[in-house]
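**Q** Build the 3D model from these lines:
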Amino acid sequence: MTRWASVAFAALTCTIILWPTDGLPAGSVHPGPMSRQEAFARADALTALGRQMFFDPSLSASGKQACSSCHDPNHAFGPASATPVEMGGARLDQPGVRAVPSLRYLQAAPAFTEHFYDSEDEGDESVDNGPTGGLTWDGRADHGKDQARIPLLSPFEMGNKDEAQVVAALRKAPYADAFKAAFGADVLDHPQDAFDAAVEALGTFEQSSVDFYPYSSRYDAFLAGKAQLSAQELHGRVLFEDEGKGNCASCHLSEPANDGEPPQFTDYGLIAIAVPRNPAIPANADPNYFDLGLCGPLRTDFKGHNDYCGLFKTPTLRNVALRKSFFHNGYFHTLREAVAFYASRDTDPGRWYSRKADGTVDKFDDLPKAYWGNLNTDPPFNGMKPGDKPALTDAEIDDIVAFLGTLTDADQAGQ
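**A** This next block holds a predicted model:
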């Protein structure tokens, strides 16, 4: 068991073992104290139950949309389509507002904090790295069970009107008896308890190492001395890590942790990079609508916190070569375009951004000018201006893309 798997298991078993047994309300989903062996068995049971739920379309208002409909296991638990957003709701006619992220390699994500200090950083540990952690594009869910609540109740995802509607579907599910065996014979008579139990099972399934963090890519094998990378891939790695070139590794950490844990290819930070506005997202037809990430509109606790507007979560790059749309709004449809954007966002903005009525480039067109001060200006941006030589040549972009192809897990090869 890896360190992160141990952490995940410990979080689960602490909930199980340390839950008080006196005065539990009827329908409580938490058992009494367990031995370690019993706790492992319960974790296995919840994983199996969560797996069934994950693939069950009856848990949606339409009866046609499961978690797996958008988080396809054959695409690293990300979307199979190239559309920037998916359709949901009771009649599957409600468009989402963000691209669907992959659910792989989220097991190590820390809880969201506004002020993160990296204890493993070789530099000054007093440096505040800013908003970090959490799940979803804006970090508003801290744990898998918290994240699982969102699509079940979102009007443009699985579309249930409330927790009771989800529980009504659970009562009819073929695994209802297994659900009651795991959480209590009368749990389905208590909708809030049953809903809490359901998201706990889904969250437990999403901690499964075999499904969600196998660390089976060629790059993992390379780090273990069991595989070779091509000359192009090796050069791409150098460029990826070079602070004066791609500088990708400043956010997408590519080296093993101090204890040898494989790299996650994210620092879990939230930053602003001003991806171009995507007209293919229906919400963007309203010129006054802006998805500002950490400061709203989906996340509401930082509404009006101007320093956070435009910040989105840095995703892991593991399995990134499988994606058909990139960034929070799915604007780009090839990995090469996504890398090239970093290289020439500021040196050739006309390549990426729309144009105003007078023909001038509408730079940073999906981020109001009041928030431009939040933009990341580290290399390869690095104060570049239109006409400057970009940090990466076309050939170097190709090499980085080749390196990113080594991050695809073995079970996803050929997808």
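**Q** distance of the spatially closest residue to Ser250 that is not a sequence neighbour from Ala391?
**A** Using C-beta to C-beta, 6 or more residues apart in numbering and skipping the chain neighbours, the partner closest in space to Ser250 is Asp378 (6.3 Å). Glycine gets a C-beta too; all of them are placed from N, C-alpha and C. Plainly put, Asp378 is 11 Å away from Ala391 if you go by C-beta to C-beta, to the nearest Å.
**Q** which of those two has more neighbours?
**A** Counted by other C-beta atoms under 10 Å, Asp378 and Ala391 do not tie: Ala391 has more neighbours, with 22 against 12.
**Q** Please parse the protein into its domains.
**A** The record's domain parsing of the chain by automatic domain parsing lists 3-212, 218-412.
**Q** Could you pull out the helices in the stretch 51-200 of the chain for me?
**A** Remark: helices assigned in the stretch 51-200 of the chain by DSSP state H, counting those that start in this stretch are 67-70, 144-153, 163-172, 176-183, 191-205.
**Q** So for Glu233, which of these sits nearest?
**A** Smallest distance to Glu233 across the helices of the stretch 51-200 of the chain (C-beta to C-beta): 30.7 Å, for helix 67-70.
**Q** Asp267: what secondary structure?
**A** Of the three states, Asp267 takes coil under DSSP: H, G, I helix; E, B strand; the rest coil.
**Q** residues contacting it?
**A** Counting by C-beta atoms under 8 Å, 6 or more residues apart in numbering, Asp267 makes contact with Asp118, Asn129, Thr132, Ser250, Cys251, His252, Leu253, Thr314.
**Q** Would you agree the fourth one is in contact with Phe381?
**A** No - look at Ser250 against Phe381 with C-beta atoms under 8 Å: they stay out of range, at 11.4 Å.
**Q** Between those two, which has more neighbouring residues?
**A** For the pair Ser250 and Phe381, the greater number of neighbours falls to Phe381 (19 against 16), based on other C-beta under 10 Å.
**Q** who's in contact with the closest residue in space to the more buried one that isn't next to it in sequence?
**A** Nearest non-adjacent residue to Phe381, counting by C-beta to C-beta, 6+ apart: Asp346, 5.4 Å away. Neighbouring residues of Asp346 by C-beta under 8 Å, 6+ apart: Phe381, Gly383, Met384, Lys385, Pro386, Asp388.
**Q** now do 10 Å
**A** Neighbour list for Asp346: 274, 352, 363-364, 375, 377, 380-386, 388, 390-391 [criterion: C-beta atoms under 10 Å, 6 or more residues apart in numbering].
**Q** Buried subset of those as a PyMOL selection?
**A** Typed into PyMOL, the line below selects the buried ones among the contacts of Asp346, using 16 or more other C-beta atoms under 10 Å:
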select buried, resi 274+352+363+364+375+380+381+384+390+391
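**Q** And Arg104, how close does it get to Ala370?
**A** Here the criterion is C-beta to C-beta. By it, Arg104 lies 36 Å from Ala370.
**Q** what do you get for Glu38?
**A** The gap separating Glu38 from Ala370 is 56 Å, by C-beta to C-beta.
**Q** More neighbours: which of the two?
**A** Glu38 (14 against 10).
**Q** Under a three-state scheme, what state does that one occupy?
**A** Here Glu38 is recorded as helix under three-state DSSP.
**Q** What score does it have for pLDDT?
**A** At Glu38, the predicted lDDT confidence score is 83.
**Q** Same check on Ala10?
**A** For Ala10, the pLDDT comes out at 39.
**Q** My guess is Gly310 contacts Ala272. True?
**A** Yes - judged on C-beta atoms under 10 Å, Gly310 makes contact with Ala272 at a distance of 3.6 Å.
**Q** And those two? Which one has more around it.
**A** Each of Gly310 and Ala272 has its neighbours counted (other C-beta under 10 Å); Gly310 has more, 29 against 21.
**Q** what's the more buried one in contact with, if anything?
**A** 270-275, 290-295, 364, 366-368, 370-376.
**Q** Quick check: Thr377 vs Lys385, distance?
**A** Separation of Thr377 from Lys385 (C-beta to C-beta) stands at 12 Å.
**Q** Also Ser344?
**A** 12 Å.
**Q** how close does Gly184 get to Ala82?
**A** Computed as C-beta to C-beta, the Gly184 to Ala82 distance reads 44 Å.
**Q** ok, those two, which is more surrounded?
**A** Taking neighbours as other C-beta under 10 Å, Gly184 and Ala82 compare with Gly184 leading, 21 against 11.
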